[in-house]
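A.B. asks: Need a 3D model of the sequence below.
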Amino acid sequence: MLDLTDRRKFLAVALLFEGSLVGIAQSIGYWCDVGPWSRFEWSLSAFGSGVAATLPIFALFAISYRRPIGPLREIKNLLIQTLGPSLARCRWYDLLLLAAVAGIGEEALFRGVLQPWLGLAWSNVLFGLAHSASPLYALLAGAVGGYFGWLLDATDNLLTPIVTHGLYDFLAFLVVARDCRRQAGTLQSVIPTE
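C.D. replies: Prediction:
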């Protein structure tokens, strides 16, 4: 069985999976005649909008993670148990790379192809199902996906949700990794010494 607490193995599997979503987006886009990059353009304003759009969803994450109530406690525990040990072994730049690849791959597929093809609602139902670690987690992921879809429609540039998604993931990864290290009694700096 693959040991995903091994930093290199975890990164290889995670980057391969997230990166393969770009190829899947290209394939589905070709099949349904939707170019995943047709609404992508490098722009400083779209990049800045993506950074700014990260603030509200990360604030909600941080509040619900720090003070989880009801079923949010279950989600926090799920994140710590499933992702925490793997993320805790990573260096900050590993997490940045992983978050960037996840933002690019998932947004290319869900916002670049599925949203124009299936519409905002259905693309985010699928986004939620793809993140179905628990029913509530799937529902929350679908809502966050709706926010990413709204960002695409509001800016007409795929770069904005890519930046928002990637930066949000990076910040959330840092929080979960730090919390996992703290719970393990081995709170380290953001850069592990292994």
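A.B. asks: make it CA atoms for all contacts and neighbour counts henceforth
C.D. replies: Noted.
A.B. asks: what about the chain, any weak spots by pLDDT?
C.D. replies: 1-2, 186-194 (pLDDT under 70).
A.B. asks: Determine which residue lies closest to the centroid of this protein.
C.D. replies: For the chain, the residue sitting closest to the mean C-alpha position, by CA atoms, centre = their mean, is residue 169 at 4.5 Å.
A.B. asks: for that residue, what are its contacts?
C.D. replies: 99, 103 (CA atoms under 8 Å, 6 or more residues apart in numbering).
A.B. asks: just residue 164 next, same as before
C.D. replies: Residue 164 makes contact with 50, 51, 52, 53, 54, 103, 148, according to CA under 8 Å, 6+ apart.
A.B. asks: and which of those residues is nearest residue 31?
C.D. replies: residue 103 (22.6 Å; CA to CA).
A.B. asks: quick one: the closest one from residue 6, how far?
C.D. replies: As judged by CA to CA, to the nearest Å, residue 103 and residue 6 stand 23 Å apart.
A.B. asks: Counting neighbours, go ahead and name the busier of the two.
C.D. replies: Shown here are residue 103 and residue 6; by other CA atoms under 10 Å, residue 103 has more neighbours (24 against 14).
A.B. asks: Which strand or helix spans that one?
C.D. replies: helix 92-107 (DSSP states H and E).
A.B. asks: Tell me the helix or strand right after that helix.
C.D. replies: helix 115-118.
A.B. asks: For that next one, output the C-alpha coordinates as CSV.
C.D. replies: Extracted as CSV, the C-alpha positions of helix 115-118 are listed here (Å, rounded to 0.1, in the frame of the first residue of the first chain):
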residue,chain,number,x,y,z
GLN,A,115,-19.5,25.4,-16.4
PRO,A,116,-19.8,26.5,-20.0
TRP,A,117,-21.1,23.1,-21.1
LEU,A,118,-23.4,22.2,-18.2
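A.B. asks: Pull the residues that contact that helix.
C.D. replies: For helix 115-118, contacts defined as CA under 8 Å, 6+ apart pick out 32, 34, 122, 123, 124, 149.
A.B. asks: report the angle between the axes of the helix or strand hosting the fourth one and helix 92-107?
C.D. replies: Here residue 123 is covered by helix 120-130, with elements defined by DSSP H and E. What separates the directions of helix 120-130 and helix 92-107 is an angle of 130 degrees, with axes from the mean of the first three to the mean of the last three CA atoms, to 10 degrees.
A.B. asks: Show me what helix 120-130 is packed against.
C.D. replies: Counting contacts by 3 or more CA pairs under 8 Å, 6 or more residues apart in numbering; DSSP states H and E, helix 120-130 packs against helix 115-118, helix 135-155.
A.B. asks: and the angle for the last one with helix 92-107?
C.D. replies: Note on geometry: by the same axes, to 10 degrees, helix 135-155 and helix 92-107 are set 80 degrees apart in direction.
A.B. asks: which is the next helix or strand following helix 135-155?
C.D. replies: Downstream of helix 135-155, the first helix or strand assigned by DSSP H and E is helix 159-183.
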